[in-house]
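A.B. asks: I'd like to go over a predicted model; first the sequence, then the structure.
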Amino acid sequence: MAKYFLTHDDDEQADIAPISELEVPPVNELAPVYDHWEKAAHRMLQNLSRNSSAWIFQQPVDAKGLKIPDYFEIVKKPMDFGTIKGKLKDQCYESIGAFMADMELVFYNCKLYNGEISGVGQMGKQVHDEYDKLCEQLCFDFYQV
């Protein structure tokens, strides 16, 4: 019977369990499942870029050009889709969780700086809602096991 490793203890010996005990998250039969999470992440960014409000997240915030000099005083860890695409291309992410953390940072920064009721805040919420929907459609939970 096939076996897989569960945990490593201090003696560098691994606990082994039958592969039949391996948890596999449920996946919709119609959902695209890729051989690597990075392909799903690329698909996510591609789909999000089609959203009419996503243009505001495509590149780093130009605080000087937008005449918002306090932006970097408020937003300590800026992030944008262009930077995320570059990090994906350069294979800087160790896991889909790290990719998702950067994606969430984009939306957090938008809300932090613009609030929820401003026009930009509403655009951010719309794109974030689309992101959540795509996470489900692309079965991101599947890649987090």
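C.D. replies: Structure's in. What do you need? Residues are numbered from 1 along each chain as shown.
A.B. asks: just for the protein, where's the confidence low?
C.D. replies: 1-17, 19-20, 22-35, 145 (pLDDT under 70).
A.B. asks: what are the ranges of the helices in it?
C.D. replies: Here the chain has its helices, by DSSP state H, at 37-48, 71-74, 81-89, 96-114, 119-137, 140-143.
A.B. asks: Any figure for the gap between the residue positioned nearest the centre of the chain and Leu66?
C.D. replies: The centroid of the chain falls nearest to Met100 when counting by Cα atoms, centre = their mean (2.2 Å). Noted for Met100: a distance of 27 Å to Leu66, by Cβ to Cβ, to the nearest Å. For the C-beta atoms, the positions are set from N, CA and C on the backbone; glycine is no exception.
A.B. asks: before we move on, the earlier item: between the helices of the chain, which one is closest to Pro18.
C.D. replies: helix 140-143 (21.2 Å; Cβ to Cβ).
A.B. asks: and the closest one, which residues are buried?
C.D. replies: Phe140, Phe142, Tyr143 (16 or more other Cβ atoms under 10 Å).
A.B. asks: mind listing what the first one touches?
C.D. replies: When contacts are counted by Cβ atoms under 8 Å, 6 or more residues apart in numbering, Phe140 is found next to Trp37, Ala40, Met44, Ile96, Met100.
A.B. asks: For Leu134, state which of these is nearest.
C.D. replies: Checking those against Leu134 by Cβ to Cβ gives Met44 as the nearest, at 5.4 Å.
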